[in-house]
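Visitor: sequence and predicted structure, then a few things I'm wondering about:
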Amino acid sequence: MPARGPVVLGIGGLTLDGVDRERLLHPLVGGVILFSRNYDNVEQLAALTAQIHAMRTPALLVSVDHEGGRVQRFREGFTAIPPMRTLGDMWQRDAAAAGLEARRVGGVIARELRAQGVDFSFTPVLDVDFGTSAVIGDRAFSDDPDVVAELAVALCRGLREGGCAAVGKHFVTGAEFSFLRTLATTPTLEVKDKVYQSFQGAARALWRCPKPTLAAFSGAAVTVGCELALLCDFRIISETAFFQETWIKLGILPPLGGMMVLPRLVGLGAASDMILRGRPMRADEALRTGLVSEVVSVDELPTRRQALAEELAQIAPQAYAAAKQGLHRGLESTMEKEWAANVLAQAMLLGSADFKEGLEAVTEKRRPQFTGR
């Protein structure tokens, strides 16, 4: 059996069935993630993890989201772990005590999971809570990044001492307006040289990746999400999905390559409609214009995504990389120039009065009053 693959799969119930076993033997699979539906009691969990570990060599890794509070998948027979926010609140009263408690909690999580054969938990959440995301909420340690960092290190130390790897996680929940506000007062050259270097670094890595890249989603691909989806080789979406370049509604422009790629995918007219008006493109139009390869139902999306990924994985890697490079070469002899031009223009726009007005209008859910300044 080859080494573990990169894919982590869920399973249906309290034991492995034939479908589960077939999927877990696929060479791309490297692990299993368990949920509340997979847990009844500690004895059942230990038997299930033993089943999973016995399937392959090297053994598949067994993981879980077991971070405490409302995201503690296993409850009966396990210690009740409080939300991570309680540690942040403790930090405000006694930072040293909070650090020790975070370390202790990490140890409890790790020892109890390892005792039942679970290899690690996707813990802790490393987001800063700005009060704008119900997904994050009290799962975050604090609204102070320094507190988040200190407590995360302490919790991870406890996890490691208890025998678990520490796997921090971060949620992409949409535009962070407090971050955007800081850009409005950041010097233009600093935005150009530092801030967007990181954003464009991700775009470059995706665009230049020699391996197949696939975007598949059921919801909204807006602003950065839209830009990154455009840079993938293939896009499969559900009938509920849509693309939208809403940058202009904030008084700024798409800086990650969308203005270069989108017209070449859907034509100048449709691209102008999306970029200059911020109009969304729904699934049916995306299929008709060639923006996506397929539109399927929400239920079918995981199957079709997996099927295309497996098809692409069978293609000769060197030939794929060379052909992809050739397609890009024919499309964009000036992508680097496009990135350079966009980031400078964006840096200037972020300092404009119109950007500040656009940001406030979106926050206040009203129509912006742009002045051209």
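Guide: That came through fine.
Visitor: please name the residues that touch the residue nearest to A102 when sequence neighbours are not counted.
Guide: Distance criterion C-beta to C-beta, 6 or more residues apart in numbering; nearest residue to A102, sequence neighbours excluded, is A154 at 3.9 Å. Any C-beta I mention is one placed from the backbone N, CA and C, and that applies to glycine too. Residues near A154 by C-beta atoms under 8 Å, 6 or more residues apart in numbering: A98, G99, L100, A102, R103, G106.
Visitor: helix or strand for A154, which one?
Guide: helix 145-161 (DSSP states H and E).
Visitor: just checking, V167 touches D119?
Guide: No: between V167 and D119 there is no contact under C-beta atoms under 8 Å: 10.1 Å.
Visitor: how long is stretch 9-19 end to end?
Guide: 12 Å (C-alpha to C-alpha, to the nearest Å).
Visitor: now do the buried residues in that stretch.
Guide: By 16 or more other C-beta atoms under 10 Å, the buried positions in stretch 9-19 come out as L9, I11, L16.
Visitor: quick revisit: buried residues, the helix holding A154. List them.
Guide: In helix 145-161, counting by 16+ other C-beta under 10 Å, buried: V147, V148, E150, L151, A152, A154, L155, C156, R157, G158, L159.
Visitor: and it, how far out from the chain's middle?
Guide: 21 Å (C-alpha atoms, centre = their mean, to the nearest Å).
Visitor: is K337 in a helix, a strand, or coil?
Guide: State at K337, reduced to three classes by DSSP: H, G, I helix; E, B strand; the rest coil: helix.
Visitor: measure how buried it is and give me the count.
Guide: 11 (other C-beta atoms under 10 Å).
Visitor: let me know whether H53 touches A46 as I believe.
Guide: No: judged on C-beta under 8 Å, H53 makes no contact with A46 at a distance of 10.6 Å.
Visitor: who touches both of those two?
Guide: G117.
Visitor: that older thread, quick one, which of V167 and D119 is more surrounded?
Guide: Legend: neighbour count by other C-beta under 10 Å for V167 and D119, higher for D119 (20 against 14).
Visitor: gap between that one and F355?
Guide: Using C-beta to C-beta, to the nearest Å, we find D119 at a distance of 46 Å from F355.
Visitor: who has more neighbours, H53 and A46?
Guide: H53 (17 against 14).
Visitor: mind listing residues that contact stretch 8-24?
Guide: Counting by C-beta under 8 Å, 6+ apart, residues outside stretch 8-24 touching it are 29-35, 37-40, 44, 47-48, 51-52, 55-56, 60-61, 63.
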